[in-house]
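Student: sequence first, predicted coordinates after that:
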Amino acid sequence: MMEYKGYIGKVEFDDETGVLCGEVLNLRDVITFQGESVQEVRAAFQESVDDYLAFCAERGEEPEKPYSGTFTVRIPPELHREITTQARFANKSLNSWMTELLERNVAGSVGV
């Protein structure tokens, strides 16, 4: 994982071509990059992000931001009731209770 200007890049090795191939993960727009060494792929990542930002500026468009902090999850009503009840028992809003739950799970995950 690499980070540059708030954008997160993931790199994988393509054994068939012998090239490191990467993609920016934290937006809907597609930004890819590649290189033959760690230094090359890091430079290509930064250059791709800069090119994306310049392209948006040239078009007078606002570049997509790496996530706003808001997302919608559709869950069964019964689960909604249960998690709301759990949050209330903890004297927390549903938002803060879920944020803490997600932070604990992400912090314990592998590869992040």
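Tutor: It's in. The structure displayed is predicted, hence computed values, not measured ones.

Student: report the contact partners of A43.
Tutor: A43 makes contact with G35 under the criterion CB atoms under 8 Å, 6 or more residues apart in numbering. C-beta: built from backbone N, CA, C; applies to glycine.

Student: let me know the secondary structure of it.
Tutor: Classification of A43 using DSSP: H, G, I helix; E, B strand; the rest coil returns helix.

Student: distance of it relative to R74?
Tutor: Counting by CB to CB, to the nearest Å, the gap from A43 to R74 is 41 Å.

Student: one more: E103?
Tutor: E103 is 22 Å from R74, by CB to CB.

Student: and if you look at F33?
Tutor: F33 is 34 Å from R74, by CB to CB.

Student: residue contacts, the residue most central in space within the chain?
Tutor: For the chain, the residue sitting closest to the mean C-alpha position, by CA atoms, centre = their mean, is N26 at 3.0 Å. Neighbour list for N26: G6, Y7, I8, P66, Y67 [criterion: CB under 8 Å, 6+ apart].

Student: repeat that for 10 Å
Tutor: E3, G6, Y7, I8, G9, K10, E64, K65, P66, Y67 (CB atoms under 10 Å, 6 or more residues apart in numbering).

Student: okay, now the domains of this protein?
Tutor: Using automatic domain parsing, the domains assigned to the chain come out as 2-58, 77-107.

Student: mind checking the end-to-end distance for the first one?
Tutor: The one in question is domain 2-58. Start and end residues of domain 2-58 are separated by 26 Å (CA to CA, to the nearest Å).
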